[in-house]
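*Asks:* I would like the atomic coordinates for the input below:
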Amino acid sequence: MTIYHFSQALGTIDTQFINEAITFRKRRKRWTKWAAIAACFSVLLVTCFSLVGEPQRNNPQYGNPCLIPSNVTEAFVTHIIAGQTAEYLISGAELDRMRAWANTLQYTPIKAPAQNWYGGESYNFSYNSKDVAFSYFGAGENTWFLVIDNSWYAVSNPSRPLPEIIDGHQFAPLE
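*Replies:* Below you'll find the predicted structure:
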């Protein structure tokens, strides 16, 4: 096709079609824009909830209900103070109170303290096979630590576990 034939062919096209071609705009699919925005928002929400919710599930500083699991029916407590050792078997309502006490502790991970404390106080908690599940060490009135699976934690709200039982010696030590 030569330029002459091309211009002849263009000359026979109705001006209405030429004007439509000049002003033609491709219709956009509006739903694709909104779908992309919704997808980005969904990814953002899932990411935020997974990051925000994670510390409260797995970070011990918020308390850990698994210190004394609900399936434990009796716990052995070894209390050591001033060189004196006493062991107690705790079960029933006392174990429930001990579990509630453990759930209120707030603690954060730390490196194992470099110094040794003499004359402090400690509680070793074990159940089932009598292996120590966790230990609670006092190195002063407001300086307490938890040791769980050889990891150390500083306790920010220390309190004594069941002082009316352990300090009052209501239970006879185990033989």
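*Asks:* what residues go with each domain of the chain?
*Replies:* Split into domains by automatic domain parsing, the chain comes to 3-58, 62-166.
*Asks:* what would those look like in TSV with mean neighbour count?
*Replies:* Where C-beta positions appear, they are placed from N, C-alpha and C, glycine not excepted. What follows is those, written out as TSV (neighbours: other C-beta atoms under 10 Å):
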stretch	mean neighbour count
domain 3-58	9
domain 62-166	15
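*Asks:* need the least confident one among those domains, by mean pLDDT.
*Replies:* When the domains of the chain are ranked by mean pLDDT, domain 3-58 comes last with a mean of 74.
*Asks:* For residue 84, grab phi and psi.
*Replies:* Backbone geometry at residue 84, expressed as degrees, to the nearest 10, gives phi -100, psi 140.
*Asks:* same question, residue 83
*Replies:* Dihedral angles (degrees, to the nearest 10) for residue 83: phi 80, psi 0.
*Asks:* One more: residue 99?
*Replies:* phi -60, psi -40.
*Asks:* if I look at the nearest residue to it once chain neighbours are set aside, how far off is residue 107?
*Replies:* Of all residues not flanking residue 99 in the chain, residue 68 sits nearest, at 4.4 Å (C-beta to C-beta, 6 or more residues apart in numbering). Separation of residue 68 from residue 107 (C-beta to C-beta, to the nearest Å): 15 Å.
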